[in-house]
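pasting the sequence and the predicted model now:
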Amino acid sequence: MATMAAELRPWLAPSAAGPVTTTVRLPGSKSMTARALVLAALADGPSVIEAPLRARDTTLMAAGLGALGVTVDTSADDRWVVEPGPLRGPATVDVGLAGTIMRFLPLAAALADGPVEFDGDPHARNRPLRPIIDALRSLGVAVESSPTGGLPLTVHGTSLVEGGEAVVDASGSSQFVSGLLLSAARFGKGLTLRHEGPPVPSTPHLRMTTHMLRAAGAVVDESVPDVWVVEPGPLHGRTWTIEPDLSGALPFFAAAMVTGGTVTLAGWPAESWQPVEQLSELLTAFGAEVTRSAGGLTVRGTGTLRGVTADLSDVSEMTPVLAALAVLADGPSELRGVAHIRGHETDRIAALATELTKVGAAITEFPDGLRIEPRPLHGASFETYADHRMAHAAAVIGLTVPGVQLTDVGCTSKTLPEFPELWAELAARS
Ligand SMILES: O=C(O)C1=C[C@@H](OP(=O)(O)O)[C@@H](O)[C@H](O)C1
Ligand SMILES: C=C(OP(=O)(O)O)C(=O)O
(Lines give C-alpha, C1' and ligand atoms only; values in the text may rest on other atoms or scores of the structure.)
(Ligands and ions follow the chains in the order given, each with its own letter.)
Protein backbone atom coordinates (compact mmCIF):
# COMPACT_ATOMS: atom_id res chain seq x y z
CA MET A 1 0.00 0.00 0.00
CA ALA A 2 3.09 2.29 -0.09
CA THR A 3 1.89 5.60 -1.48
CA MET A 4 3.20 6.91 -4.80
CA ALA A 5 5.67 9.77 -4.60
CA ALA A 6 4.02 13.03 -5.68
CA GLU A 7 5.24 14.63 -8.90
CA LEU A 8 8.43 16.60 -8.31
CA ARG A 9 8.11 20.38 -8.25
CA PRO A 10 11.46 22.01 -9.17
CA TRP A 11 11.86 25.50 -7.71
CA LEU A 12 14.38 28.31 -7.97
CA ALA A 13 14.87 29.74 -4.48
CA PRO A 14 14.10 33.47 -4.55
CA SER A 15 16.93 35.88 -3.67
CA ALA A 16 16.49 38.74 -1.23
CA ALA A 17 17.24 42.26 -2.51
CA GLY A 18 18.09 43.50 1.01
CA PRO A 19 17.22 42.93 4.67
CA VAL A 20 14.02 40.92 5.18
CA THR A 21 11.75 42.63 7.70
CA THR A 22 8.31 41.16 8.32
CA THR A 23 5.87 39.52 10.71
CA VAL A 24 4.83 35.96 9.87
CA ARG A 25 1.78 34.01 10.99
CA LEU A 26 2.49 30.31 10.82
CA PRO A 27 0.30 27.27 11.48
CA GLY A 28 0.36 25.11 14.59
CA SER A 29 3.10 22.80 15.80
CA LYS A 30 3.23 19.45 14.01
CA SER A 31 4.29 17.67 17.20
CA MET A 32 1.55 19.22 19.35
CA THR A 33 -1.14 18.60 16.72
CA ALA A 34 -0.08 14.94 16.43
CA ARG A 35 -0.20 14.44 20.21
CA ALA A 36 -3.52 16.27 20.56
CA LEU A 37 -5.05 14.03 17.88
CA VAL A 38 -3.88 10.81 19.56
CA LEU A 39 -4.88 11.92 23.08
CA ALA A 40 -8.27 13.12 21.79
CA ALA A 41 -8.82 9.77 20.03
CA LEU A 42 -8.15 7.87 23.28
CA ALA A 43 -10.19 10.20 25.49
CA ASP A 44 -13.52 9.58 27.20
CA GLY A 45 -15.29 12.47 25.44
CA PRO A 46 -15.00 14.89 22.53
CA SER A 47 -12.09 17.30 22.08
CA VAL A 48 -11.47 20.44 20.07
CA ILE A 49 -8.08 21.21 18.54
CA GLU A 50 -7.68 24.94 17.98
CA ALA A 51 -5.15 26.28 15.47
CA PRO A 52 -4.00 22.81 14.33
CA LEU A 53 -1.41 22.24 11.64
CA ARG A 54 -3.04 21.26 8.37
CA ALA A 55 -0.25 19.48 6.51
CA ARG A 56 0.47 16.00 5.18
CA ASP A 57 1.74 14.59 8.51
CA THR A 58 -1.29 15.73 10.48
CA THR A 59 -4.00 15.04 7.89
CA LEU A 60 -2.62 11.50 7.46
CA MET A 61 -2.67 11.15 11.27
CA ALA A 62 -6.33 12.27 11.29
CA ALA A 63 -7.11 9.85 8.45
CA GLY A 64 -5.34 7.01 10.29
CA LEU A 65 -7.43 7.63 13.40
CA GLY A 66 -10.50 7.86 11.17
CA ALA A 67 -9.68 4.40 9.79
CA LEU A 68 -9.61 3.15 13.40
CA GLY A 69 -13.17 4.44 13.95
CA VAL A 70 -12.53 7.88 15.45
CA THR A 71 -14.50 10.79 13.98
CA VAL A 72 -12.10 13.60 13.17
CA ASP A 73 -13.77 16.61 11.59
CA THR A 74 -11.04 18.67 9.92
CA SER A 75 -13.38 20.75 7.76
CA ALA A 76 -12.68 24.03 9.60
CA ASP A 77 -9.11 25.30 9.28
CA ASP A 78 -8.79 26.67 12.80
CA ARG A 79 -10.86 24.16 14.78
CA TRP A 80 -10.80 20.39 14.42
CA VAL A 81 -13.33 18.34 16.39
CA VAL A 82 -12.53 14.79 17.53
CA GLU A 83 -15.23 12.35 18.69
CA PRO A 84 -13.63 9.23 20.07
CA GLY A 85 -15.26 5.83 19.74
CA PRO A 86 -14.32 2.16 20.12
CA LEU A 87 -11.15 1.55 18.08
CA ARG A 88 -11.82 -0.78 15.15
CA GLY A 89 -9.92 -3.21 12.99
CA PRO A 90 -9.44 -4.34 10.31
CA ALA A 91 -8.03 -1.02 9.20
CA THR A 92 -5.25 0.33 7.03
CA VAL A 93 -3.09 3.32 7.95
CA ASP A 94 -0.93 5.27 5.48
CA VAL A 95 1.87 6.86 7.50
CA GLY A 96 3.27 8.85 4.55
CA LEU A 97 6.78 9.75 5.75
CA ALA A 98 5.68 10.76 9.24
CA GLY A 99 7.68 9.45 12.19
CA THR A 100 4.89 10.57 14.49
CA ILE A 101 2.33 8.34 12.75
CA MET A 102 4.52 5.26 12.42
CA ARG A 103 5.68 5.49 16.07
CA PHE A 104 2.44 6.71 17.75
CA LEU A 105 -0.42 4.85 16.04
CA PRO A 106 0.74 1.21 16.35
CA LEU A 107 0.23 1.54 20.11
CA ALA A 108 -3.29 2.89 19.66
CA ALA A 109 -3.88 0.13 17.09
CA ALA A 110 -3.10 -2.45 19.77
CA LEU A 111 -6.29 -1.20 21.49
CA ALA A 112 -8.39 -1.83 18.34
CA ASP A 113 -10.56 -4.94 17.98
CA GLY A 114 -8.83 -6.34 14.89
CA PRO A 115 -5.74 -6.17 12.67
CA VAL A 116 -4.38 -2.80 11.61
CA GLU A 117 -1.93 -2.57 8.69
CA PHE A 118 0.64 0.22 8.43
CA ASP A 119 2.73 1.27 5.44
CA GLY A 120 3.91 4.50 3.88
CA ASP A 121 6.22 6.23 1.39
CA PRO A 122 9.15 4.20 0.05
CA HIS A 123 11.62 5.87 2.42
CA ALA A 124 9.31 5.32 5.42
CA ARG A 125 10.25 1.64 5.15
CA ASN A 126 13.86 2.58 5.97
CA ARG A 127 13.02 4.55 9.11
CA PRO A 128 13.74 2.77 12.44
CA LEU A 129 10.74 1.10 14.06
CA ARG A 130 12.04 -2.08 15.67
CA PRO A 131 12.05 -0.76 19.28
CA ILE A 132 8.31 -0.07 19.02
CA ILE A 133 7.67 -3.54 17.57
CA ASP A 134 9.78 -5.23 20.25
CA ALA A 135 8.05 -3.26 23.02
CA LEU A 136 4.60 -4.15 21.65
CA ARG A 137 5.56 -7.83 21.53
CA SER A 138 6.94 -7.69 25.07
CA LEU A 139 3.56 -6.32 26.14
CA GLY A 140 1.86 -9.35 24.59
CA VAL A 141 0.64 -7.72 21.37
CA ALA A 142 0.99 -9.80 18.18
CA VAL A 143 2.80 -7.87 15.43
CA GLU A 144 3.89 -8.93 11.94
CA SER A 145 6.63 -6.81 10.43
CA SER A 146 9.03 -6.87 7.52
CA PRO A 147 12.19 -8.95 8.13
CA THR A 148 14.14 -5.69 8.57
CA GLY A 149 11.94 -4.80 11.54
CA GLY A 150 10.18 -1.83 9.95
CA LEU A 151 7.20 -1.12 7.70
CA PRO A 152 5.04 -2.69 6.43
CA LEU A 153 3.57 -3.75 9.73
CA THR A 154 0.38 -5.38 11.00
CA VAL A 155 -0.68 -4.94 14.62
CA HIS A 156 -3.22 -7.53 15.75
CA GLY A 157 -5.33 -5.52 18.17
CA THR A 158 -7.55 -7.36 20.65
CA SER A 159 -9.12 -4.27 22.32
CA LEU A 160 -7.04 -4.85 25.43
CA VAL A 161 -3.38 -4.29 26.28
CA GLU A 162 -2.49 -5.45 29.73
CA GLY A 163 0.55 -3.18 30.02
CA GLY A 164 2.95 -3.36 32.94
CA GLU A 165 6.66 -3.00 32.29
CA ALA A 166 8.62 -2.47 29.10
CA VAL A 167 12.19 -1.62 28.14
CA VAL A 168 13.09 0.34 25.04
CA ASP A 169 16.30 1.59 23.45
CA ALA A 170 15.17 5.05 22.34
CA SER A 171 18.59 6.31 21.25
CA GLY A 172 17.32 6.16 17.64
CA SER A 173 14.30 8.39 18.28
CA SER A 174 12.51 10.01 21.20
CA GLN A 175 9.31 9.07 19.36
CA PHE A 176 9.68 5.47 20.58
CA VAL A 177 9.13 6.70 24.14
CA SER A 178 6.44 9.22 23.20
CA GLY A 179 4.50 6.61 21.22
CA LEU A 180 4.48 4.15 24.10
CA LEU A 181 3.54 6.78 26.69
CA LEU A 182 0.71 8.38 24.71
CA SER A 183 -1.43 5.22 24.76
CA ALA A 184 -0.22 3.85 28.11
CA ALA A 185 -2.98 5.24 30.34
CA ARG A 186 -5.39 3.02 28.40
CA PHE A 187 -3.41 -0.15 29.18
CA GLY A 188 -4.88 -2.31 31.97
CA LYS A 189 -1.90 -1.82 34.26
CA GLY A 190 -0.61 1.41 32.71
CA LEU A 191 3.08 1.33 31.83
CA THR A 192 6.46 1.56 33.49
CA LEU A 193 8.84 2.26 30.63
CA ARG A 194 12.62 2.19 30.98
CA HIS A 195 15.07 3.41 28.36
CA GLU A 196 18.29 1.40 28.11
CA GLY A 197 20.96 2.53 25.66
CA PRO A 198 22.84 5.65 24.55
CA PRO A 199 21.07 8.95 25.43
CA VAL A 200 17.60 9.67 24.07
CA PRO A 201 17.72 12.55 21.54
CA SER A 202 15.17 15.35 21.14
CA THR A 203 14.27 15.27 24.84
CA PRO A 204 12.14 18.46 24.70
CA HIS A 205 9.68 16.33 22.71
CA LEU A 206 9.44 13.98 25.71
CA ARG A 207 8.56 16.92 27.93
CA MET A 208 5.87 17.89 25.44
CA THR A 209 4.48 14.34 25.64
CA THR A 210 4.35 14.21 29.44
CA HIS A 211 2.93 17.78 29.70
CA MET A 212 0.17 16.94 27.25
CA LEU A 213 -0.58 13.58 28.91
CA ARG A 214 -1.02 15.35 32.25
CA ALA A 215 -3.15 18.02 30.61
CA ALA A 216 -5.42 15.18 29.41
CA GLY A 217 -5.72 13.87 32.98
CA ALA A 218 -3.06 11.14 33.03
CA VAL A 219 -0.89 10.57 36.07
CA VAL A 220 2.74 10.50 34.95
CA ASP A 221 5.92 10.13 37.01
CA GLU A 222 9.23 10.99 35.34
CA SER A 223 11.23 11.65 38.50
CA VAL A 224 13.74 8.88 37.75
CA PRO A 225 15.98 9.57 34.74
CA ASP A 226 15.12 7.38 31.74
CA VAL A 227 12.07 5.89 33.49
CA TRP A 228 8.48 6.98 32.87
CA VAL A 229 5.47 5.66 34.75
CA VAL A 230 1.97 6.24 33.40
CA GLU A 231 -0.83 5.12 35.72
CA PRO A 232 -3.84 3.40 34.18
CA GLY A 233 -6.85 5.69 34.00
CA PRO A 234 -9.08 7.73 31.71
CA LEU A 235 -7.87 10.46 29.38
CA HIS A 236 -10.29 13.38 29.21
CA GLY A 237 -11.57 15.25 26.20
CA ARG A 238 -10.59 18.94 26.26
CA THR A 239 -9.77 21.94 24.12
CA TRP A 240 -6.19 21.94 22.89
CA THR A 241 -4.72 25.22 21.67
CA ILE A 242 -1.77 24.54 19.43
CA GLU A 243 1.25 26.88 19.49
CA PRO A 244 2.82 28.08 16.22
CA ASP A 245 5.42 25.55 15.01
CA LEU A 246 8.86 26.65 16.20
CA SER A 247 10.86 24.39 13.86
CA GLY A 248 8.70 25.51 10.95
CA ALA A 249 9.45 29.12 11.93
CA LEU A 250 13.20 28.58 11.96
CA PRO A 251 13.82 29.19 8.22
CA PHE A 252 11.90 32.47 8.53
CA PHE A 253 14.07 33.53 11.49
CA ALA A 254 17.13 32.45 9.52
CA ALA A 255 16.01 34.78 6.71
CA ALA A 256 16.32 37.70 9.12
CA MET A 257 19.75 36.51 10.21
CA VAL A 258 21.29 36.03 6.76
CA THR A 259 19.93 39.32 5.37
CA GLY A 260 20.40 41.50 8.48
CA GLY A 261 16.62 42.01 8.82
CA THR A 262 13.99 41.33 11.49
CA VAL A 263 11.34 38.58 11.53
CA THR A 264 8.59 38.31 14.14
CA LEU A 265 6.56 35.13 14.62
CA ALA A 266 3.09 36.35 15.63
CA GLY A 267 0.98 34.51 18.20
CA TRP A 268 3.89 33.15 20.21
CA PRO A 269 2.62 32.17 23.71
CA ALA A 270 4.04 33.48 26.99
CA GLU A 271 4.83 29.89 27.97
CA SER A 272 5.72 27.27 25.40
CA TRP A 273 6.00 23.48 25.29
CA GLN A 274 8.55 23.74 22.45
CA PRO A 275 12.35 24.22 22.97
CA VAL A 276 12.37 27.99 22.56
CA GLU A 277 15.13 28.55 25.16
CA GLN A 278 17.51 26.15 23.43
CA LEU A 279 16.79 27.72 20.03
CA SER A 280 17.19 31.29 21.34
CA GLU A 281 20.57 30.36 22.80
CA LEU A 282 21.73 28.86 19.53
CA LEU A 283 20.55 31.75 17.36
CA THR A 284 22.21 34.18 19.78
CA ALA A 285 25.46 32.21 19.46
CA PHE A 286 25.17 32.60 15.66
CA GLY A 287 24.94 36.39 16.27
CA ALA A 288 21.19 37.09 16.28
CA GLU A 289 19.17 39.02 18.84
CA VAL A 290 16.11 37.13 20.08
CA THR A 291 13.33 38.87 22.00
CA ARG A 292 9.84 37.99 23.16
CA SER A 293 7.00 40.50 23.48
CA ALA A 294 3.24 40.66 23.21
CA GLY A 295 3.74 40.98 19.44
CA GLY A 296 5.45 37.60 19.24
CA LEU A 297 8.90 36.05 19.08
CA THR A 298 11.35 38.26 17.20
CA VAL A 299 14.72 37.44 15.67
CA ARG A 300 16.89 40.31 14.46
CA GLY A 301 19.89 39.78 12.26
CA THR A 302 22.66 41.99 13.57
CA GLY A 303 24.77 41.88 10.41
CA THR A 304 27.12 39.40 12.11
CA LEU A 305 26.73 35.68 11.47
CA ARG A 306 29.28 33.71 13.48
CA GLY A 307 30.17 30.03 13.21
CA VAL A 308 29.15 27.94 16.23
CA THR A 309 30.16 24.69 17.85
CA ALA A 310 27.13 23.03 19.38
CA ASP A 311 25.49 19.77 20.39
CA LEU A 312 22.14 19.83 18.60
CA SER A 313 20.61 16.70 20.14
CA ASP A 314 17.84 18.69 21.87
CA VAL A 315 16.82 20.40 18.64
CA SER A 316 17.85 17.74 16.16
CA GLU A 317 15.07 18.37 13.64
CA MET A 318 16.46 21.91 13.24
CA THR A 319 19.88 20.69 12.04
CA PRO A 320 19.37 21.29 8.29
CA VAL A 321 18.46 24.97 8.68
CA LEU A 322 21.17 25.54 11.31
CA ALA A 323 23.64 23.98 8.86
CA ALA A 324 22.44 26.45 6.21
CA LEU A 325 23.20 29.30 8.64
CA ALA A 326 26.64 27.78 9.23
CA VAL A 327 27.58 27.82 5.53
CA LEU A 328 26.75 31.55 5.44
CA ALA A 329 28.66 32.37 8.67
CA ASP A 330 32.01 34.14 8.90
CA GLY A 331 33.84 31.17 10.46
CA PRO A 332 33.70 27.40 10.82
CA SER A 333 30.98 25.53 12.73
CA GLU A 334 30.72 22.08 14.22
CA LEU A 335 27.20 20.72 14.63
CA ARG A 336 27.31 17.40 16.51
CA GLY A 337 25.29 15.05 18.71
CA VAL A 338 22.71 14.11 16.07
CA ALA A 339 23.75 10.67 14.78
CA HIS A 340 20.10 9.60 14.84
CA ILE A 341 19.04 12.13 12.17
CA ARG A 342 20.48 9.65 9.67
CA GLY A 343 17.11 7.95 10.35
CA HIS A 344 14.97 11.05 9.74
CA GLU A 345 13.15 11.79 6.44
CA THR A 346 16.48 11.01 4.76
CA ASP A 347 20.01 10.48 6.10
CA ARG A 348 20.24 14.18 6.87
CA ILE A 349 23.96 14.16 7.71
CA ALA A 350 24.90 12.56 4.39
CA ALA A 351 22.38 14.69 2.47
CA LEU A 352 23.66 17.93 4.00
CA ALA A 353 27.30 16.94 3.38
CA THR A 354 26.55 16.31 -0.30
CA GLU A 355 24.34 19.33 -0.99
CA LEU A 356 26.31 21.92 1.02
CA THR A 357 29.45 20.77 -0.81
CA LYS A 358 27.61 21.37 -4.11
CA VAL A 359 26.99 25.04 -3.24
CA GLY A 360 30.68 25.49 -2.37
CA ALA A 361 31.11 24.89 1.39
CA ALA A 362 33.91 22.66 2.74
CA ILE A 363 32.29 19.86 4.76
CA THR A 364 33.66 17.14 7.03
CA GLU A 365 31.15 14.44 7.85
CA PHE A 366 31.22 12.74 11.28
CA PRO A 367 29.05 9.82 12.40
CA ASP A 368 27.09 12.29 14.54
CA GLY A 369 27.26 15.56 12.65
CA LEU A 370 29.17 17.95 10.41
CA ARG A 371 32.03 20.42 10.39
CA ILE A 372 31.17 23.26 8.06
CA GLU A 373 33.75 25.69 6.71
CA PRO A 374 32.28 28.57 4.79
CA ARG A 375 33.77 29.28 1.35
CA PRO A 376 32.63 31.55 -1.47
CA LEU A 377 29.27 30.02 -2.44
CA HIS A 378 27.57 29.61 -5.80
CA GLY A 379 24.23 28.45 -7.20
CA ALA A 380 23.72 24.74 -7.83
CA SER A 381 21.04 22.12 -8.23
CA PHE A 382 20.12 21.18 -4.63
CA GLU A 383 18.59 17.72 -4.10
CA THR A 384 15.83 17.75 -1.47
CA TYR A 385 15.47 13.97 -0.86
CA ALA A 386 11.70 14.28 -0.16
CA ASP A 387 12.77 16.11 3.02
CA HIS A 388 10.94 19.33 3.92
CA ARG A 389 13.81 20.58 6.07
CA MET A 390 16.39 20.05 3.29
CA ALA A 391 14.13 22.31 1.19
CA HIS A 392 14.08 24.90 3.99
CA ALA A 393 17.89 24.80 4.19
CA ALA A 394 18.21 25.36 0.43
CA ALA A 395 15.73 28.24 0.54
CA VAL A 396 17.74 30.00 3.29
CA ILE A 397 20.97 29.71 1.28
CA GLY A 398 19.17 30.86 -1.86
CA LEU A 399 18.23 34.19 -0.25
CA THR A 400 21.81 35.40 -0.57
CA VAL A 401 23.25 32.95 -3.13
CA PRO A 402 21.58 33.35 -6.55
CA GLY A 403 20.83 30.22 -8.55
CA VAL A 404 19.99 27.66 -5.84
CA GLN A 405 17.62 25.35 -7.71
CA LEU A 406 15.70 22.85 -5.54
CA THR A 407 14.93 19.54 -7.25
CA ASP A 408 11.55 19.57 -5.45
CA VAL A 409 9.80 22.05 -3.18
CA GLY A 410 6.63 19.92 -3.03
CA CYS A 411 8.15 17.98 -0.12
CA THR A 412 7.45 20.99 2.13
CA SER A 413 3.82 19.81 2.18
CA LYS A 414 4.88 17.43 4.98
CA THR A 415 4.64 20.23 7.52
CA LEU A 416 3.87 23.51 5.70
CA PRO A 417 2.20 23.16 2.28
CA GLU A 418 2.10 26.94 1.85
CA PHE A 419 5.91 27.24 2.26
CA PRO A 420 6.75 28.25 -1.37
CA GLU A 421 4.17 31.08 -1.37
CA LEU A 422 5.05 32.29 2.14
CA TRP A 423 8.74 32.24 1.23
CA ALA A 424 8.20 34.19 -1.99
CA GLU A 425 6.23 36.81 0.01
CA LEU A 426 9.04 36.96 2.57
CA ALA A 427 11.71 37.45 -0.10
CA ALA A 428 9.56 40.21 -1.62
CA ARG A 429 9.72 42.06 1.71
CA SER A 430 13.43 42.70 1.34
O1 LIG B 1 7.75 13.55 18.82
C2 LIG B 1 7.85 14.36 17.90
O3 LIG B 1 6.86 15.05 17.54
C4 LIG B 1 9.15 14.55 17.24
C5 LIG B 1 10.29 14.10 17.85
C6 LIG B 1 11.63 14.25 17.24
O7 LIG B 1 11.98 12.99 16.70
P8 LIG B 1 13.43 12.30 16.96
O9 LIG B 1 13.52 11.99 18.41
O10 LIG B 1 13.38 11.08 16.10
O11 LIG B 1 14.44 13.31 16.53
C12 LIG B 1 11.64 15.30 16.14
O13 LIG B 1 12.87 15.30 15.45
C14 LIG B 1 10.47 15.07 15.19
O15 LIG B 1 10.48 16.00 14.14
C16 LIG B 1 9.16 15.23 15.93
C1 LIG C 1 12.20 14.36 11.90
C2 LIG C 1 11.09 14.96 11.49
O3 LIG C 1 9.87 14.37 11.31
P4 LIG C 1 9.20 13.02 11.80
O5 LIG C 1 8.10 13.44 12.72
O6 LIG C 1 8.67 12.42 10.53
O7 LIG C 1 10.24 12.18 12.46
C8 LIG C 1 11.07 16.41 11.13
O9 LIG C 1 9.95 16.95 10.97
O10 LIG C 1 12.13 17.04 11.01
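That came in fine, so what should we check first? Ligands and ions are numbered 1, 2, ... in the order given.

state the distance from the one residue in the stretch 301-430 of the chain that gets nearest to ligand 1 to residue 240.
Residue nearest to ligand 1 within the stretch 301-430 of the chain: residue 317 (3.4 Å; CB to the nearest ligand atom). No exception for glycine: its C-beta is placed from N, CA and C like everyone else's. Applying CB to CB, to the nearest Å, one obtains 21 Å for the distance of residue 317 from residue 240.

neighbours of the closest residue to residue 425 other than its chain neighbours, how many?
Nearest-residue entry for residue 425: residue 22, 7.9 Å, with adjacent residues in sequence omitted and distances by CB to CB, 6 or more residues apart in numbering. Look at residue 22: counted by other CB atoms under 10 Å, it has 17 neighbours.

do the same with the one 4 residues further on
Number of residues near residue 26 (other CB under 10 Å) recorded here: 20.

correct me if wrong: it contacts residue 416.
Yes. The pair residue 26 and residue 416 qualifies as a contact (CB atoms under 8 Å) at a distance of 7.3 Å.

check the chain for the residue nearest ligand 2 and tell me.
Nearest residue of the chain to ligand 2 (CB to the nearest ligand atom) works out as residue 99 at 2.5 Å.

quick check, the residue of the stretch 301-430 of the chain closest to ligand 1 in a helix?
Yes. Secondary structure assignment places residue 317 in a helix (DSSP: H, G, I helix; E, B strand; the rest coil).

and it, how far from residue 175?
Taking CB to CB as the criterion, residue 317 is separated from residue 175 by 11 Å.

then residue 140?
When CB to CB is the yardstick, residue 140 and residue 175 sit 22 Å from each other.

more neighbours: these two, which one.
The residue with the greater number of neighbours, taking residue 140 and residue 175 and applying other CB under 10 Å, is residue 175; the counts read 29 against 13.

please name the nearest non-neighbouring residue to the more buried one.
In space, residue 175 comes closest to residue 103 once its chain neighbours are excluded; the distance is 3.8 Å by CB to CB, 6+ apart.

how about residue 427?
Closest residue to residue 427 apart from its sequence neighbours, by CB to CB, 6+ apart: residue 14 at 3.8 Å.

please apply the same query to residue 93.
Distances taken as CB to CB, 6+ apart put residue 64 closest to residue 93, at 4.0 Å, once the chain neighbours are dropped.

residues shared between the contacts of residue 26 and residue 416?
Both residue 26 and residue 416 are contacted by 245, 248, 422, under the criterion CB atoms under 8 Å, 6 or more residues apart in numbering.

most neighbours, which of the residues you listed?
Each of those was scored by neighbour count (other CB under 10 Å); the top score is that of residue 248, with 26 neighbours.

what about the helix or strand encompassing that one, near ligand 1?
Using DSSP states H and E, residue 248 maps to helix 246-259. No. Counting by CB under 6 Å from any ligand atom, ligand 1 has no neighbours in helix 246-259; the shortest distance is 6.9 Å.

need the contact partners of stretch 351-365.
The set of residues that contact stretch 351-365 without belonging to it, under CB under 8 Å, 6+ apart, is 319-320, 323-324, 327, 349-350, 370-383, 385, 387, 390, 393-394, 397, 401, 404.

PyMOL command for the buried members of those?
Selecting in PyMOL just the buried members of the contacts of stretch 351-365, where the criterion is 16 or more other CB atoms under 10 Å, is done with this command:
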select buried, resi 319+320+323+324+327+349+370+371+372+374+377+379+380+382+383+385+387+390+393+394+397+401+404
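
quick one, phi psi at residue 289?
With angles defined as degrees, to the nearest 10, residue 289 shows backbone torsions of phi -110, psi 130.

apart from its chain neighbours, what residue comes closest to the residue of the chain closest to ligand 2?
For residue 99, ignoring the flanking residues on the chain, the nearest one in space by CB to CB, 6+ apart is residue 175 at 5.2 Å.
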